[in-house]
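Q: Sequence first, then the predicted structure, then my questions.
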Amino acid sequence: MLNSPHHRSPRAGRGRGGALGTALATVAALALGATALTTGIAPASAAEQEAAAVPGHALTGYWQNFDNGATVQTLADVQDQYDIIAVAFADATATPGAVDFSLDSAGLGGYTEEQFKADVKAKQDEGKSVILSVGGEKGTVSVNDAASAEAFTDSLYAQMQEYGFDGVDIDLENGLNSTYMSQALHDLAAKAGSGFVLTMAPQTIDMQSTSNEYFKTALDVKDILTVVNMQYYNSGSMLGCDGKVYAQGTVDFLTGLACIQLEGGLDPSQVGIGVPASASAAGGGYVEPSVVNAALDCLAKGTSCGSFKPDKTYPGIRGAMTWSTNWDATAGNSWSDAVGKHVHGL
């Protein structure tokens, strides 16, 4: 992911009535009370915690909390095609493992925290998920022992409570420890409760083997993982699941590398294709939206493949991700218009 130079959904139709509803509400209330006792943090109400499920085929976009030359957006400006909006980025603090988030009001034309929080809720009311991304190209958050894992969990949960985020995106590009990161994420999911959204954005090198710490983390948190949107850019050539070398910027690169995750233990619903929204958004690896759509069709249906064709199809593949909604806007929304429509039509 590229960093800066300085770097709830509608509840209508989801309620339950009658004796069953009363019983469930009672159980939820008891669970919420237990959470408050064990964590010392008063959680959101059961109604507040019930977020809309991420669509089976979803589009993810990163929203830039800084101005790096792309179109400056408020959260309200984010294109309607995006189902998951990852706010980039949380910042490391002086406490190992802990993160904080600060809105760049000055860089975003005076966008206030009050407006931002209202926009988070408005997006959720439209059925979108808004999550906080940790890391980025220059993000250095280290979770490598029990203390830093606890600090990571507690600080992220505090940000979720403060801003209303639905979950977190893990975009750590300087390595991670699968044991303690998995522990931290499971603890965070337990605190957050129903509706927690967890995404990951590893680099291609991070997902070449199931023995890699990033891949191990994804598998360790498979029970709470929403989607891994690997970054198929700024990469160079990589091995596909057939052992052949594929160059970035091609349909074979997208399908051959996705196959590693699909055959390595992730569910198809947990695999997405991450690409730049325009040639300006990354140093290399940009592909036209039509290539992204072809790769999705190849994986989901076995059509529109290049020289690589998977041995089987994965109709449940989650969708696609882009860096960023801002660069998408700079390019006239051409990426989300084309890929979003295709993803939602899978």
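A: In hand now; what should we look at?
Q: Could I get the full set of strands for this protein?
A: 58-64, 84-92, 99-100, 129-136, 167-172, 197-200, 227-231, 238-239, 245-246, 271-276, 319-323 (DSSP state E).
Q: could I have the fourth one exported to CSV, CA atoms only?
A: Once non-C-alpha atoms are left out, strand 129-136 reads as follows in CSV (Å, rounded to 0.1, in the frame of the first residue of the first chain):
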residue,chain,number,x,y,z
SER,A,129,-18.7,-1.4,6.6
VAL,A,130,-16.1,1.2,7.7
ILE,A,131,-12.9,-0.2,9.2
LEU,A,132,-9.6,1.2,10.4
SER,A,133,-6.5,0.1,8.5
VAL,A,134,-3.3,-0.5,10.5
GLY,A,135,0.0,-0.1,8.7
GLY,A,136,0.6,1.1,5.2
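Q: returning to that earlier point: just put the strands of the chain in a markdown table and tack on mean pLDDT.
A: Converted to a markdown table, the strands of the chain look like this (pLDDT from 0 to 100):
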| stretch | mean pLDDT |
| --- | --- |
| strand 58-64 | 98 |
| strand 84-92 | 96 |
| strand 99-100 | 95 |
| strand 129-136 | 92 |
| strand 167-172 | 95 |
| strand 197-200 | 98 |
| strand 227-231 | 98 |
| strand 238-239 | 98 |
| strand 245-246 | 98 |
| strand 271-276 | 98 |
| strand 319-323 | 98 |
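Q: And the ones you listed: which comes nearest Glu213?
A: Closest to Glu213 of the strands of the chain, according to CB to CB: strand 167-172, at 9.9 Å. Using the backbone N, CA and C atoms, a C-beta is placed for each residue, glycine as well.
Q: Burial check on Gly236, number of neighbours?
A: Using other CB atoms under 10 Å, Gly236 has 10 other residues around it.
Q: Sorry, slip of the keys, the one I care about is Ser209.
A: 13.
Q: returning to what we had before: distance to Ala147 and mean neighbour count for the strands of the chain - can I get that in a markdown table?
A: Output for these, formatted as a markdown table (distance: least, CB to CB, whole Å; neighbours: other CB atoms under 10 Å):
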| stretch | distance to Ala147 | mean neighbour count |
| --- | --- | --- |
| strand 58-64 | 30 | 27 |
| strand 84-92 | 15 | 25 |
| strand 99-100 | 15 | 19 |
| strand 129-136 | 17 | 24 |
| strand 167-172 | 18 | 27 |
| strand 197-200 | 22 | 26 |
| strand 227-231 | 27 | 27 |
| strand 238-239 | 35 | 17 |
| strand 245-246 | 41 | 16 |
| strand 271-276 | 32 | 27 |
| strand 319-323 | 32 | 29 |
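Q: Can you add distance to Ala184 and give those back as JSON lines?
A: Output for the strands of the chain, formatted as JSON lines (distance: least, CB to CB, whole Å):
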{"stretch": "strand 58-64", "distance to Ala184": "21"}
{"stretch": "strand 84-92", "distance to Ala184": "13"}
{"stretch": "strand 99-100", "distance to Ala184": "11"}
{"stretch": "strand 129-136", "distance to Ala184": "10"}
{"stretch": "strand 167-172", "distance to Ala184": "10"}
{"stretch": "strand 197-200", "distance to Ala184": "11"}
{"stretch": "strand 227-231", "distance to Ala184": "17"}
{"stretch": "strand 238-239", "distance to Ala184": "28"}
{"stretch": "strand 245-246", "distance to Ala184": "33"}
{"stretch": "strand 271-276", "distance to Ala184": "22"}
{"stretch": "strand 319-323", "distance to Ala184": "22"}
